Each structure stands twice: as structure tokens, then as C-alpha cells.
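Enquirer: Generate coordinates for the sequence data below:
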Amino acid sequence: MTKKPRTTSEHLISLYGYITGLRKEVNTIKNNHLKHMHEDIDKIHGKVDKLLYIILGGMGAALLTLIGFILKWNFY
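Expert: Model (predicted):
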């Protein structure tokens, strides 16, 4: 259990220490955790792009096959 401050100066010192601790925690979050999040988002972005290209390629192949069947059907 921590010692409770009794005087105004002890309160100010306690608050200053608390604010300093918060600054360190915010700095750690900003420099460490957000950097890792940014890298993870970039990895996911690449995977989504690959999936999108695969879906578009499949749709294009299906469309070309359909057009081929329609053209073949119209000539007979």
C-alpha cells in the first residue's frame, strides 16, 4: 500500500511522478504498439490485394467462358 501525501508539496510531487509515468506509458504505446499495428495492417493489405486479384481473375475467366458459349451457340 502506498503512503498518502500529507502536504501540498507531497501532493504535487506525487502528481508529478504520476504524470511522468503516464508520459512513459504513452510513449511506449506510441513507439512500440502502434508501429507493430501498422506493420500488421500492411501485411493484411497485401493479402486482401491478392485475394481481390484472384476473385477478379476468376470472374474474368468465367465471363470469357460464357461469351465463348454464347458465340458458339449463335453460330449453330
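Enquirer: C-terminal to the least confident helix or strand in the chain by mean pLDDT, what's the next element?
Expert: Using mean pLDDT, DSSP states H and E, the weakest-scoring helix or strand in the chain turns out to be helix 8-28, at a mean of 84. Later in the chain than helix 8-28, the nearest helix or strand by DSSP states H and E is helix 34-75.
Enquirer: what mean pLDDT would you report for that following helix?
Expert: In this model, helix 34-75 has a mean pLDDT of 89.
Enquirer: Who are the packing partners of it?
Expert: Applying 3 or more CB pairs under 8 Å, 6 or more residues apart in numbering; DSSP states H and E, we find helix 34-75 packed against no helix or strand. In this view, the C-beta of every residue, glycine as well, is placed from N, C-alpha and C.
Enquirer: Outside of the least confident helix or strand of the chain itself, list whatever touches it.
Expert: Helix 8-28 is contacted from outside by Pro5, using CB atoms under 8 Å, 6 or more residues apart in numbering.
Enquirer: start at 21 instead
Expert: With 21 as the first residue, the last one maps to helix 28-48.
Enquirer: just the CA coordinates of it, formatted as PDB?
Expert: Extracted in PDB, the C-alpha atoms of helix 28-48 (Å, rounded to 0.1, in the frame of the first residue of the first chain):
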ATOM      1  CA  THR A  28       0.600  20.200  -0.700                       C
ATOM      2  CA  SER A  29       4.200  19.700  -1.800                       C
ATOM      3  CA  GLU A  30       3.900  16.000  -1.300                       C
ATOM      4  CA  HIS A  31       0.700  16.000  -3.400                       C
ATOM      5  CA  LEU A  32       2.500  17.900  -6.200                       C
ATOM      6  CA  ILE A  33       5.400  15.500  -6.100                       C
ATOM      7  CA  SER A  34       3.000  12.600  -6.200                       C
ATOM      8  CA  LEU A  35       1.100  14.100  -9.200                       C
ATOM      9  CA  TYR A  36       4.400  14.900 -11.000                       C
ATOM     10  CA  GLY A  37       5.500  11.300 -10.600                       C
ATOM     11  CA  TYR A  38       2.100  10.000 -11.800                       C
ATOM     12  CA  ILE A  39       2.300  12.300 -14.900                       C
ATOM     13  CA  THR A  40       5.800  11.200 -15.700                       C
ATOM     14  CA  GLY A  41       4.700   7.600 -15.500                       C
ATOM     15  CA  LEU A  42       1.800   8.300 -17.800                       C
ATOM     16  CA  ARG A  43       4.100  10.000 -20.300                       C
ATOM     17  CA  LYS A  44       6.400   7.000 -20.400                       C
ATOM     18  CA  GLU A  45       3.400   4.600 -20.900                       C
ATOM     19  CA  VAL A  46       2.000   6.800 -23.700                       C
ATOM     20  CA  ASN A  47       5.500   7.000 -25.300                       C
ATOM     21  CA  THR A  48       5.800   3.200 -25.100                       C
END
